Each structure stands twice: as C-alpha cells, then as structure tokens.
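**Student:** sequence? don't have it. structure:
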C-alpha cells in the first residue's frame, strides 16, 4: 500500500514513530510529514538524550526522535508540511490511505472545517474528497464539546477515529506494549495484518 503518515503537534509522537517502523517493516510505500508543532513536541518527548536538541534544526530533531524509536529516517520518505506541490496533495496521485498519528485538536478542527493550512490538512482533504481511507489518532484529554463535535463531523464524513486509548486486558508489561496496541488498532481499520498484540479470544464461563 501507498500510505501517507502525518505526525501533528499532539503529545504521543511515539505512536507515529512506531507506526512508521511497522509499516516500513511490512514493506509498504510510506511517505511521512511532520508538522512544525510536532517538531516542538518531539523536542520535549525525545528519549535519545541527544545534546543540544532544543537548538537543533527541525531535520535533526526528527532524525533524533525517529532513531530513538528504532526508525531510520533515511528509510522514510519525509516531506515538508509546506510542500503543497507534493504528490499526495492531489487526488490524481492515487495514494491508498492516510493516517494522522497523533492528531492534534487543531488538526482535527482544520480538517473538519476544510481548512488546508499545511500538507497534512491538504492530504486529509484529498482523502475525504476522493473517498479514500483516512484514519486519525486523536490524543487529548479532557475533550471539550468543540473537540467532540469536530470529531463527530469527521466520523460522519467517513474518517476512522482511533483515539490513543490503550487497553489493559492485554496485560501490558511496558510502554511499548501500550503503544503497539494503539498502532495495531490503526492497522486493523486499514485492513493490514499484524501481531502487535494478542487478540481477545473470550473468557470461558465457569462450569456449573
């Protein structure tokens, strides 16, 4: 599949990094776009301990963050959020799906209102107008009425809304397990097979 992954400025960029790693590992054609807001979040959430990250260029921040999460930035086609000439900005590019992971409430609002102020917004708009799969992974709490209304607008337009809400019936042993659950749910709605978490197989009733 040809998949566009947008990483916007919500906490939880680790979800986007893990999604990129899994998609590339499965052999999919992946294009990624990191918003300016996401770069700022990555500066705070980077786990690599790289010195001087606060003063580093956006490219260095992205590379460091991805590397810290096991992703070789050189293996990912990274495009600028300002590049409205990118192929995915046109419906004729025939991208198979787009995922915004994580998806900030600002990005949710922009898409719901049809505002295309950056490439991530534009790609989402293209997916909607072409009736192609679009998945958002909102990460915010608590949610205001405005947030909920915007997400309802997107769901009614056909967007798959997969909140970053990890489950605990999988008995997670690490943060990675929680991240994998959310990423796995994204893959589920895209119809991509994976083994990121154990499926619930039901619980046998006690014999009577």
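**Tutor:** Nice, thanks for sending it over. The model shown is predicted, which means the values in this text are computed figures rather than measured ones. Numbering: from 1, shown residues only.
**Student:** please make it C-alpha for all contacts and neighbour counts, starting now.
**Tutor:** OK.
**Student:** what sits against the residue nearest the centre of the chain?
**Tutor:** Central residue check for the chain by C-alpha atoms, centre = their mean: the C-alpha nearest the mean position is that of residue 101, 1.5 Å away. For residue 101, the contact set (C-alpha atoms under 8 Å, 6 or more residues apart in numbering) comprises 5-8, 13, 15-16, 136-138.
**Student:** pretty sure it belongs to a strand, no?
**Tutor:** Yes: per DSSP: H, G, I helix; E, B strand; the rest coil, residue 101 lies within a strand segment.
**Student:** gap between it and residue 185?
**Tutor:** To residue 185, residue 101 is 12 Å away according to C-alpha to C-alpha, to the nearest Å.
**Student:** so how do I select the buried members of the contacts of residue 101 in PyMOL?
**Tutor:** Here is the PyMOL command that picks out the buried ones among the contacts of residue 101, judged by 16 or more other C-alpha atoms under 10 Å:
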select buried, resi 5+6+7+8+13+15+16+136+137+138
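**Student:** how much space between residue 9 and residue 173?
**Tutor:** Taken as C-alpha to C-alpha, the span from residue 9 to residue 173 is 27 Å.
**Student:** neighbour count winner among those two?
**Tutor:** residue 9 (24 against 9; other C-alpha atoms under 10 Å).
**Student:** now do the contacts for that one.
**Tutor:** Contacts of residue 9 (C-alpha under 8 Å, 6+ apart): 35-41, 102-104.
**Student:** once you drop chain neighbours, what's closest to it?
**Tutor:** Leaving aside its chain neighbours, residue 9 sits nearest to residue 38 (3.7 Å; criterion: C-alpha to C-alpha, 6 or more residues apart in numbering).
**Student:** quick check, pLDDT for that neighbour.
**Tutor:** On pLDDT, residue 38 comes in at 97.
**Student:** how many residues are close by it?
**Tutor:** 23.
**Student:** so it makes contact with residue 6?
**Tutor:** No: if you go by C-alpha atoms under 8 Å, residue 38 and residue 6 don't touch, sitting 9.6 Å apart.
**Student:** where along the protein do the strands fall?
**Tutor:** Per DSSP state E, the chain has strands spanning 2-7, 29-34, 77-79, 97-103, 134-138, 160-161. These are given in chain order.
**Student:** can you list the weak-confidence ranges in this structure?
**Tutor:** 49-52, 204-208 (pLDDT under 70).
**Student:** which outside residues touch whichever helix in it runs longest?
**Tutor:** Using DSSP state H, we find that the single longest helix of the chain is helix 175-190. Here helix 175-190 makes contact (C-alpha under 8 Å, 6+ apart) with 14-15, 18-19, 97, 133, 135, 160, 162-167, 172, 193-197.
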